[in-house]
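> let's see this in three dimensions:
(chains A and B)
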Amino acid sequence: ILNVEQSPQSLHVQEGDSTNFTCSFPSSNFYALHWYRWETAKSPEALFVMTLNGDEKKKGRISATLNTKEGYSYLYIKGSQPEDSATYLCAFMGHSGGGADGLTFGKGTHLIIQP
Amino acid sequence: NAGVTQTPKFQVLKTGQSMTLQCAQDMNHEYMSWYRQDPGMGLRLIHYSVGAGITDQGEVPNGYNVSRSTTEDFPLRLLSAAPSQTSVYFCASRDRVGTEAFFGQGTRLTVV
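Below you'll find the predicted structure:
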């Protein structure tokens, strides 16, 4: 079983502040790193799929970076809003298949934005 | 475009009962998977399929059965429900080349 770690487990941020959290994954046999946003009572939705070392992706106020050589990715949220409150999941995919179906998920970072 | 449709949304079972969770996708995806989500555990893979007629076990397969007779459908069967199977279940599908996964809306199952 592959080790995909996310930190911190939970995070409280004031509205308007910027924040970031980390996903660490195996640095060998890398194929892709996914980020998902998971709101309470809904299903996870993809934010980014990143495949190249040094990749930077952006969607509105949310961006992500990728370092495949050292095995980590950062997710950044600029100017947090209450609607950003959610659990953010990363998932690793390796060339050999990663997890059994190709995706091994971390346990997520639970983000709460306080007005 | 329906995406991934998962039914039912909620279910209460008695210990020992059996049931089937349904999952259907209309995106012609080859990969389909079932996950369970428990507090503090993240998403754990139960079973997955890489195409019609092909299934395999994930991290936590015990007590569950799957089949994939068509590309569209991937039902999950609980053979004899146990309280340890109380969880939220998600079905997901994705294209084989490794693009994003699409998730169903989840099934909250309680076994009493």
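> paired strands for the helix or strand hosting B:Ala92, with orientation please.
For B:Ala92, the enclosing helix or strand under DSSP states H and E is strand B:87-94. When pairing is defined by DSSP bridges, strand B:87-94 lines up against strand B:31-38 (antiparallel), strand B:102-103 (antiparallel), strand B:107-111 (antiparallel).
> would you map the strands across chain B?
B:4-7, B:10-13, B:19-25, B:31-38, B:42-51, B:54-57, B:64-66, B:76-78, B:87-94, B:102-103, B:107-111 (DSSP state E).
> how far off strand B:19-25 does the last one point, in degrees?
Using axes from the mean of the first three to the mean of the last three C-alpha atoms, to 10 degrees, the direction of strand B:107-111 lies 170 degrees away from that of strand B:19-25.
> please enumerate residues in contact with strand B:107-111?
For strand B:107-111, the external contacting residues (C-beta atoms under 8 Å, 6 or more residues apart in numbering or on different chains) are B:6-15, B:21, B:78, B:81-90. The way it works is simple: take the backbone N, C-alpha and C, and place the C-beta from them, glycine included.
> can you pull the contacts of the closest residue to B:Thr55 other than its chain neighbours?
Residue nearest to B:Thr55 in three dimensions, not counting chain neighbours: B:Ser49, with 4.7 Å by C-beta to C-beta, 6 or more residues apart in numbering or on different chains. Applying C-beta under 8 Å, 6+ apart, we find B:Ser49 in contact with B:31-33, B:55-56, B:66, B:68, B:74.
> what ranges do the strands span in chain A?
A:5-7, A:10-14, A:19-24, A:30-38, A:45-50, A:56-59, A:62-67, A:72-77, A:86-94, A:104-105, A:109-114.
> quick one on the thing from earlier: next, format the strands of chain B as CSV and append distance to A:Ser73 and mean pLDDT.
Formatted as CSV, those follow (distance: least, C-beta to C-beta, whole Å; pLDDT from 0 to 100):
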stretch, distance to A:Ser73, mean pLDDT
strand B:4-7, 25, 96
strand B:10-13, 35, 97
strand B:19-25, 27, 97
strand B:31-38, 21, 93
strand B:42-51, 16, 90
strand B:54-57, 27, 91
strand B:64-66, 31, 97
strand B:76-78, 30, 97
strand B:87-94, 19, 95
strand B:102-103, 20, 96
strand B:107-111, 30, 97
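> of the ones you listed, which is nearest A:Thr65?
strand B:42-51 (22.0 Å; C-beta to C-beta).
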